[in-house]
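Asker: this one's structure only:
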């Protein structure tokens with residue numbers, strides 16, 4: 001009994017922590033390289049974006065430490081309230097949000113801007129983990145699947161009205177958590193069809209979304225395809241080993257907002273296929289550790305939290321890289337831990353803190 005107790009009250013997973021710190025450090029280095037030109041031109045300070053991201057990262061690391069030291073069941077108890085707050089904040093964006101680069105996705109909180117959709121992702125992971133854990137009638141029936149997805153529709157509708165890509169991520173988190181708690185596979189065929197229909201409706205609801213599809217098919221035909229073309233030039237010019245850190249040419253005004261969604265193209269240009277492959281490998285190892293922790297967690301809720309975090313990261317990384325390589329239409333998704341965005345890095349590190357706390361209650365680090 002004593003040995004079992006010690007297994008479930010160990011220290012957080014060291015491999016997960018090392019991978020998170022590695023990605024965070026790499027993100028800061030490549031962000032400084034990608035943003036120096038824009039910072040100097042716009043704000044006469046090459047380190048402008050870097051300093052803001054460094055502050056957000058430091059705050060995020062403090063949050064990660066605090067969350068990792070707090071029993072995740074405490075956050076599960078707050079999950080319904082977190083979900084309600086995410087609904088309120090998402091609604092506020094529609095009526096009082098700040099518009100940046102044509103998108104209304106931010107709320108101004110004094111001197112800082114806050115992106116509620118990042119909070120919504122974390123809130124949904126907690127809320128669905130709590131809801132599925134409280135389910136008494138089993139998790140294999142079609143009613144369970146429909147009920148769980150229906151609870152997501154309010155936040156998906158609010159977020160998706162001005163941020164379709166984040167709405168898709170939230171839907172993907174919901175599907176993954178239902179899949180993880182369901183022993184059957186056939187119902188997911190119907191859920192997949194419903195998801196495709198839902199996305200099709202969202203695409204057809206706004207003309208600019210249909211325009212993105214046209215740009216994706218033939219970027220050279222449209223003026224707005226400039227970003228995609230320049231990103232592909234950056235990827236192609238990097239070759240196998242890249243031009244060298246800090247030596248990108250496309251970031252010098254050719255790739256718009258190189259520090260944001262298109263930062264993977266700068267990575268490919270400066271570090272080449274080898275550097276980009278190493279980054280993808282680190283992301284893969286991080287997802288593997290989250291999967292191991294989820295599998296060996298002591299209870300269902302903790303397992304679902306890690307599965308949700310894993311799904312969030314996996315979908316966001318895949319979408320970002322697919323957009324940059326023009327595999328899918330442009331969706332405006334950032335690369336986790338690497339792209340510029342204070343709200344994103346704070347909540348990502350908070351999620352990592354929760355995963356670390358779950359790992360400390362698991363059955364072993366490298367099981």
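Answerer: The structure has been received and is ready for your questions. Worth saying up front: this structure is predicted, and the values here are computed from it rather than measured.
Asker: all strands of the stretch 101-250 of the chain, in order?
Answerer: Under the criterion DSSP state E, counting those that start in this stretch, the stretch 101-250 of the chain contains strands at 103-109, 112-114.
Asker: Please name the spatially closest residue to residue 341 (chain neighbours excluded).
Answerer: Counting by CB to CB, 6 or more residues apart in numbering, residue 341 lies nearest to residue 334, which is 5.4 Å off, once chain neighbours are set aside. Where C-beta positions appear, they are placed from N, C-alpha and C, glycine not excepted.
Asker: For that neighbour, grab phi and psi.
Answerer: phi -80, psi 160 (degrees, to the nearest 10).
Asker: before we move on, back to that, please identify which of the strands of the stretch 101-250 of the chain is closest to residue 54.
Answerer: Taking CB to CB, strand 112-114 is the member of these nearest to residue 54, at 14.7 Å.
Asker: in that closest one, what counts as buried?
Answerer: residue 114 (16 or more other CB atoms under 10 Å).
Asker: Relative to that strand, what are the paired strands and their orientations?
Answerer: Applying DSSP bridges, strand 112-114 is found paired with strand 103-109 (antiparallel).
Asker: The partner strand: which residues count as buried?
Answerer: Buried, per 16+ other CB under 10 Å, within strand 103-109: 104-107.
Asker: Could you do stretch 287-305 as well?
Answerer: Going by neighbour count (16+ other CB under 10 Å), the buried part of stretch 287-305 is 287, 289-290, 292-294, 296-297, 301-305.
Asker: from these, which ones fall inside helices?
Answerer: 287, 289-290, 292-294, 301-305 (DSSP state H).
Asker: which one of the residues you listed sits closest to residue 358?
Answerer: residue 302 (4.3 Å).
Asker: Distance check, the closest one against residue 312.
Answerer: 16 Å (CB to CB, to the nearest Å).
Asker: before we move on, what about residue 165?
Answerer: To residue 312, residue 165 is 13 Å away according to CB to CB.
Asker: ok so, going back, from the buried residues of stretch 287-305, pick the one nearest residue 182.
Answerer: Among the buried residues of stretch 287-305, residue 304 lies closest to residue 182 (CB to CB), at 11.5 Å.
Asker: Residue 127 is in contact with the closest one, correct?
Answerer: No: using CB atoms under 8 Å, residue 304 is not in contact with residue 127; the gap is 10.7 Å.
Asker: Look up the closest residue to residue 315, ignoring the ones flanking it.
Answerer: Computed as CB to CB, 6+ apart, the closest residue to residue 315 that is not its neighbour in sequence is residue 172, at 4.6 Å.
Asker: and that neighbour, how many neighbours?
Answerer: 19 (other CB atoms under 10 Å).
Asker: Model confidence for residue 150, exactly?
Answerer: The model reports residue 150 with a pLDDT of 86.
Asker: Which segments of the chain make up each domain?
Answerer: 17-69+219-367, 76-205 (automatic domain parsing).
Asker: for these, which one ends up most surrounded?
Answerer: domain 17-69+219-367 (a mean of 20; mean count of other CB atoms under 10 Å).
Asker: can I assume residue 151 is in contact with residue 131?
Answerer: Yes: Residue 151 lies in contact with residue 131 (CB under 8 Å); the separation is 6.7 Å.
Asker: possible to save the ones in helices among the buried residues of stretch 287-305 as TSV with pLDDT and distance to residue 256?
Answerer: Below are these laid out as TSV (pLDDT from 0 to 100; distance: CB to CB, whole Å):
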residue	pLDDT	distance to residue 256
287	96	30
289	95	35
290	96	33
292	93	39
293	94	38
294	92	38
301	91	42
302	92	42
303	93	41
304	93	39
305	95	36
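Asker: low-scoring pLDDT stretches of the stretch 1-150 of the chain, where are they?
Answerer: Applying pLDDT under 70 to the stretch 1-150 of the chain flags the ranges 1-9, 97, 99-103, 110-111, 136-141.
Asker: Do a quick rundown of the helices in it.
Answerer: Ranges of helices in the stretch 1-150 of the chain, per DSSP state H, counting those that start in this stretch, are 2-7, 14-43, 48-68, 72-77, 79-96, 116-134, 142-160.
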